[in-house]
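>>> curious how this folds, go ahead:
(one chain, ligands or ions: 1)
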Amino acid sequence: MGIRVAVFGTGYLGATHAACMAELGHDVVGVDVDESKLTALRSGEVPFYEPGLSEVLRRNIEAGRLRFTSSYAEAAEFADVHFLGVGTPQKRGEFGADMRYVFAVIEELAPLLTRPTVIFGKSTVPVGTAAQLGALARELAPDGVDVEVAWNPEFLREGFAVKDTLHPDRIVLGLDPAAEGRAEDVAREVYSDLIDEGIPFLVTDLATAELVKVAANAFLATKISFINAIAEVCEVAGADVTTLADAIGYDERIGRRFLNAGIGFGGGCLPKDIRAFMARAGELGADQALTFLREVDAINMRRRTTMVDTTKRICDGSLLGKRIAVLGAAFKPNSDDVRDSPALNIAGQIQLQGAAVSVYDPKAIHNSKAIFPTLGYGLSAKDVCQGADAVLVLTEWEEFRKMTPSEIEGVVRRKVIVDGRNCLDPSVWRSAGWSYYGVGRS
Ligand code: UDX
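Have a look, this model is predicted:
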């Protein structure tokens, strides 16, 4: 018999977690306030592009292990274990995270609880939040109902969400010393298949669990900005950052992954998480500890302006009246997510400087149009390359990596290609008579 589980929030994290908990054999209800999301999910539609997720969703809905509701009362009545997976976006005009959705779940759920309950927080939160939520839940729960908040951060990457949830690198569980202490046993039961598979299971205090997540993302962001800073030096020194990354990456202490220079990181996590981390460290009096993350952020944002400047330079110093083809809008391949996407940001900046920009992305056009309706959009790479003065590859989709010069050279005005992700083979393009520009490549 599966455990009765409720997952609050059906965004990227929540929808994936709900579907994967059902895949593990648990009885799951996904809860959200957004009826349109629920309607889509009920019919087996994932409201975003995530390879493999809709199959898991459909299979488990059909098996009767997964359903969706907007009723907290129904979820409180049904489930013994609750997961909190709502968003913690950046506050408008501030570095800190907006915690209103996380607190709202506890405020609404706790008074409805009828029996001893464990709530596992999965959202990325400022350190100290879990302890506050635990105290709040105990205060709001009906008399005699024992409720425990534990922290179980999620490390999933978009594009690999199902795999990362069912076969994570590790499971981290932060426990509250003020609580009864059932959470560890419950977590071991919920994740028993994963633990049997030998996945490391680390039990910590609440603060450590919260910090593990933000520290991991800060490290990844730092690694990317490190190689992008080195790319800047490679450019002025006439060196090649790709070969350099290969060479340093052979050192196991360094490792090759997340050393791809380019237009930098974006998405719904890395940028906002490093900012919220800095803000929280400042509140706690350790602001100096993370000032380097300001530099990480600055290097990253500079990649975008540098790409605009490069494009302008190769367009004879002015973008006015030029036609620019942009291949890629998603913040990374295999995703339709355009939140803080470097590609779309660059496309927007180029257009503001007077160019006619035409964007193509295999999956992210719909989302791009919603936030940048004034950009031009096309249905294929060839389509947007019509009459282009320069072609910019800004998201390394397989489709663009495999593209050959012959596919687009009949339609462009000038054979100029800018590889914002260092994902093309320069020799192929140069030998076909193109001017090729990469990042940190001589
Ligand atoms: C990230 C973390 O990887 C994940 O563990 C966490 O749970 C959520 O945040 P995600 O936002 O899905 O996941 O994307 P990720 O694969 O980390 O890529 C982030 C950004 O970095 C993308 O814009 C990507 O293009 C960029 N990137 C990545 C680089 O510029 N260079 C690299 O070498 C790697």
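>>> show me where this protein has its strands.
Remark: strands assigned in the chain by DSSP state E are 4-8, 27-31, 66-69, 81-84, 117-121, 147-151, 171-175, 201-205, 323-327, 356-360, 376-377, 390-393, 416-419, 435-437.
>>> let me know which of those is tucked in deepest.
strand 323-327 (a mean of 29; mean count of other C-beta atoms under 10 Å). Using the backbone N, CA and C atoms, a C-beta is placed for each residue, glycine as well.
>>> give me every residue in this structure lying close to the ligand.
155-158, 217, 220, 224, 258-260, 262, 264-267, 269-270, 331-332 (C-beta under 6 Å from any ligand atom).
>>> now the residues you listed: which count as buried?
155-156, 158, 217, 220, 224, 258-260, 262, 264-267, 269-270, 331-332 (16 or more other C-beta atoms under 10 Å).
>>> how far does stretch 101-117 sit from the chain's center?
Remark: stretch 101-117 is offset 27 Å from the chain centroid, using C-alpha atoms, centre = their mean, to the nearest Å.
>>> in TSV: the strands of the chain, plus mean pLDDT.
Output for the strands of the chain, formatted as TSV (pLDDT from 0 to 100):
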stretch	mean pLDDT
strand 4-8	98
strand 27-31	98
strand 66-69	98
strand 81-84	98
strand 117-121	97
strand 147-151	97
strand 171-175	98
strand 201-205	97
strand 323-327	98
strand 356-360	98
strand 376-377	98
strand 390-393	98
strand 416-419	98
strand 435-437	98
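>>> figure out which of these is closest to residue 19.
Of all the strands of the chain, it is strand 66-69 that lies closest to residue 19, at 6.5 Å by C-beta to C-beta.
>>> what sits up against that closest one?
The contact list for strand 66-69 (C-beta atoms under 8 Å, 6 or more residues apart in numbering) reads 10, 18-19, 22, 28-32, 38, 41-42, 57, 60-61, 75.
>>> farthest-separated two in those?
57 and 75 (18.0 Å).
>>> who's more crowded, those two?
The residue with more neighbours, out of residue 57 and residue 75, is residue 57; 29 against 22, by other C-beta atoms under 10 Å.
>>> quick one: that one and residue 19 touch, right?
Yes. With contact defined as C-beta atoms under 8 Å, residue 57 counts as touching residue 19 (4.6 Å).
>>> quick one on the thing from earlier: show me the buried ones among the residues of the chain next to the ligand that map onto helices.
Using DSSP state H, 217, 220, 224, 270 are the members of these that sit in helices.
>>> quick check: of these, which lies closest to residue 14?
Of these, the one sitting nearest to residue 14 (C-beta to C-beta) turns out to be residue 217, at 18.5 Å.
>>> and the closest one, how far from residue 211?
11 Å (C-beta to C-beta, to the nearest Å).
>>> okay if I get the strands of the chain as TSV plus distance to residue 285?
Formatted as TSV, the strands of the chain follow (distance: least, C-beta to C-beta, whole Å):
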stretch	distance to residue 285
strand 4-8	32
strand 27-31	37
strand 66-69	43
strand 81-84	28
strand 117-121	24
strand 147-151	22
strand 171-175	22
strand 201-205	19
strand 323-327	44
strand 356-360	45
strand 376-377	48
strand 390-393	44
strand 416-419	44
strand 435-437	45
